[in-house]
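all I have is the shape, not the residue letters:
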């Protein structure tokens, strides 16, 4: 796997001291960055045809490697259905590549702008220049989609890319590195993974932009480290995304769709509905409908279920169990939607938490797993106040057919994105930006906004040879200067002291 590749490259073997392997990994990262920086200086702005060739190669490789990638992701998770890996990680990646391929030539065109009246007759344009070398830091929950999404955007914008994969996904990292190495030299796209023990080595490099997907806590560290080089960042961070169920929406349909969002990929999704806000009189019926929906999708069991993804690690499983234990100890009711699996199996079924209070972990931290707190509300104002009491989320879900009610909720809340009457689908429509706000992130990728994010918008003003800007030179007080100032500034207030 990845370690064997590192050993081969550096001439090491498994008997070498781990500290020497760590040093070799650091040296490799620094060498890769230097090579990409040199290549960027040699070819700072690849043509549209070159970018298209790179994007098409990436799409072909993703399609070719779909079997190996699915197997590798299942290995890393403990179990993950191949269909889920293909739908969530690979289909979205191909759709994003298709969108970039279709639009990159238009995105690259200089944008004509209007000069001020004062400079009428001159030419003003904005050109979109590659930033240079982009660093991409990938989490473990969607290791391919969250690597390929920023990679597609960065390549469309003409950049070179270094990707840091998670140490939790070594099997996926090895396949992904092989996939890319077949079509890209490392001075264009390079991958490092679990061999780099200290991720700060990566983020401290003087990248021209960093794209990070992960938790707000780690996002703060990335931003702080990047600030040492004044490196701009795009942070996709997650948070507690609410799902508001209206009194006027079919309860069973809302419950089934929220259940899907909390169960697919074992609920380990940054845009999963974190908690449900439900009319107080409907809470019991909603809980029953969630259990019915879970039964319909997964047959009432998770252990050995070929359709249900494992919690990725013992550490994550213990974190979720601790949150549930905390809720029980403080008086909440916890309802499991299926029997618990045997020890050693991490296919944790969906757990519904009712009667939660603000001092409980389940209402304080992003759950990132198959745990669904159900919070009652009396009026829409109460639901909005509950959302406002928490940091701005990455996503917001509203289940309502009442346009006025939906508009009220959207007008009075903030979130990175919104899906109405379902969950999550806004994030895989690639003609629209994807990003957070406040605690849930900074900046966007996907679509044209992503292209702009990873490009430098360079203003170019061209003075026509006949245009007399010298009329604005000193000495001051000429007739033209007085006329221009009077026209644009008017008369000041002589009595103002």
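Everything's here; your move. Owing to the predicted nature of the structure, the values given are computational and were not obtained by experimental measurement.

now the residue nearest to residue 98 when sequence neighbours are not counted: how far from residue 454?
Residue nearest to residue 98 in three dimensions, not counting chain neighbours: residue 59, with 7.1 Å by C-beta to C-beta, 6 or more residues apart in numbering. All C-beta atoms are positioned from the backbone trio N, CA, C, and that covers glycine. Using C-beta to C-beta, to the nearest Å, we find residue 59 at a distance of 19 Å from residue 454.

who's more crowded, these two?
Taking neighbours as other C-beta atoms under 10 Å, residue 59 and residue 454 compare with residue 454 leading, 27 against 20.

which residues sit in contact with the closest residue to that one other than its chain neighbours?
Computed as C-beta to C-beta, 6+ apart, the closest residue to residue 454 that is not its neighbour in sequence is residue 157, at 4.1 Å. Contact analysis of residue 157 by C-beta atoms under 8 Å, 6 or more residues apart in numbering lists 128, 130-131, 451, 454-455.

least trustworthy helix or strand in this protein by mean pLDDT?
helix 2-10 (a mean of 33; mean pLDDT, DSSP states H and E).

and the helix or strand following it, what other elements does it pack with?
On the C-terminal side of helix 2-10, the closest following helix or strand by DSSP states H and E is helix 18-42. On a contact count with 3 or more C-beta pairs under 8 Å, 6 or more residues apart in numbering; DSSP states H and E, helix 18-42 meets helix 2-10, strand 133-137, strand 160-164, strand 189-192, helix 200-203.

now do the buried residues in helix 18-42.
21, 24-26, 28-29, 32-33, 35-37, 39-40 (16 or more other C-beta atoms under 10 Å).

how far does it sit from its chain's centre?
Mean-position distance between helix 18-42 and its chain equals 26 Å (C-alpha atoms, centre = their mean, to the nearest Å).

quick one: average pLDDT of it?
Mean per-residue pLDDT for helix 18-42: 92.

next: stretch 112-125.
Rounded mean pLDDT across stretch 112-125 is 97.

and it, how far apart are its ends?
One end of stretch 112-125 to the other measures 5 Å (C-alpha to C-alpha, to the nearest Å).

in it, what counts as buried?
For stretch 112-125, it's none, nothing buried (16+ other C-beta under 10 Å).

and for stretch 281-301?
For stretch 281-301, by 16+ other C-beta under 10 Å, it's 282-283, 286-287, 289-291, 293-294, 297-298.

state the pLDDT value of residue 480.
The model's pLDDT for residue 480 equals 95.

that one sits in which helix or strand?
helix 479-489.

is the residue nearest to residue 148 when sequence neighbours are not counted in a helix, a strand, or coil?
Nearest non-adjacent residue to residue 148, counting by C-beta to C-beta, 6+ apart: residue 93, 3.9 Å away. Residue 93 falls in the helix class when you classify it by DSSP: H, G, I helix; E, B strand; the rest coil.

residue 93 against residue 143, yeah?
No. Residue 93 is beyond contact range of residue 143, at 11.0 Å (criterion: C-beta atoms under 8 Å).

rewinding a little: contacts only, for the residue nearest to residue 98.
94, 97-98, 101 are the contacts of residue 59 under C-beta under 8 Å, 6+ apart.

just put those residues in CSV and tack on secondary structure.
Listed next are the contacts of residue 59 as CSV, based on three-state DSSP:
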residue, secondary structure
94, helix
97, helix
98, helix
101, helix
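
just the buried members of those residues?
Looking at the contacts of residue 59 with 16+ other C-beta under 10 Å, the buried ones turn out to be 94, 97, 101.

list just the nearest of the residues you listed to residue 250.
residue 94 (33.2 Å; C-beta to C-beta).

and residue 323, how far is that from residue 477?
Following C-beta to C-beta, the distance that separates residue 323 from residue 477 is 73 Å.

equivalent analysis for residue 105, please.
50 Å.

higher neighbour count, these two?
A direct count of neighbours by other C-beta under 10 Å for residue 105 and residue 477 places residue 105 higher, at 13 against 7.

which residues touch residue 231?
With contact taken as C-beta under 8 Å, 6+ apart, residue 231 is in contact with 206-210.

could you rerun that using 10 Å?
Counting by C-beta atoms under 10 Å, 6 or more residues apart in numbering, residue 231 touches 131, 134-135, 203-210, 222-223, 225.

list phi and psi for it.
Per-residue torsions, residue 231: phi -80, psi 120 (degrees, to the nearest 10).

again with the one 5 residues further on
Residue 236 has phi and psi values of phi -110, psi 110 when expressed as degrees, to the nearest 10.

that one contacts residue 445, correct?
Yes. Using C-beta atoms under 10 Å, residue 236 makes contact with residue 445 at a distance of 7.8 Å.

need the overlap of contacts for the two.
149-150, 211, 213, 434-435.

just the closest of those to residue 257, please.
Closest to residue 257, out of all of these and judged by C-beta to C-beta, is residue 434, at 19.8 Å.

which residues do residue 93 and residue 143 both contact?
With C-beta under 10 Å, 6+ apart, residue 93 and residue 143 have common neighbours residue 69.

show me what contacts the residue positioned nearest the centre of the chain?
In the chain, the C-alpha nearest the mean C-alpha coordinate belongs to residue 236, at 4.1 Å (C-alpha atoms, centre = their mean). Neighbouring residues of residue 236 by C-beta under 10 Å, 6+ apart: 139, 146, 149-150, 211-214, 219, 270-271, 394, 416, 427, 434-436, 440-445.

go on, residue 399?
Neighbours of residue 399 in contact, by C-beta under 10 Å, 6+ apart: 243-246, 248-251, 253-255, 257-258, 273, 276-278, 406, 419-423.

ChimeraX command to pick out the buried ones of those?
Those of those that count as buried under 16+ other C-beta under 10 Å are selected in ChimeraX with:
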select :243,244,245,246,249,251,254,255,257,258,273,276,277,278,406,419,420,421,422,423
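
can you flag which of the contacts of residue 399 belong to helices?
Among the contacts of residue 399, DSSP state H puts 251, 253-255, 257-258, 406 in helices.

quick revisit: and which of the shared contacts of residue 236 and residue 445 is nearest to residue 485?
The closest of the shared contacts of residue 236 and residue 445, once distances to residue 485 are taken by C-beta to C-beta, is residue 435, at 42.3 Å.

okay, and the beta partners of the closest one?
residue 444 (DSSP bridges).

all set now, cheers.
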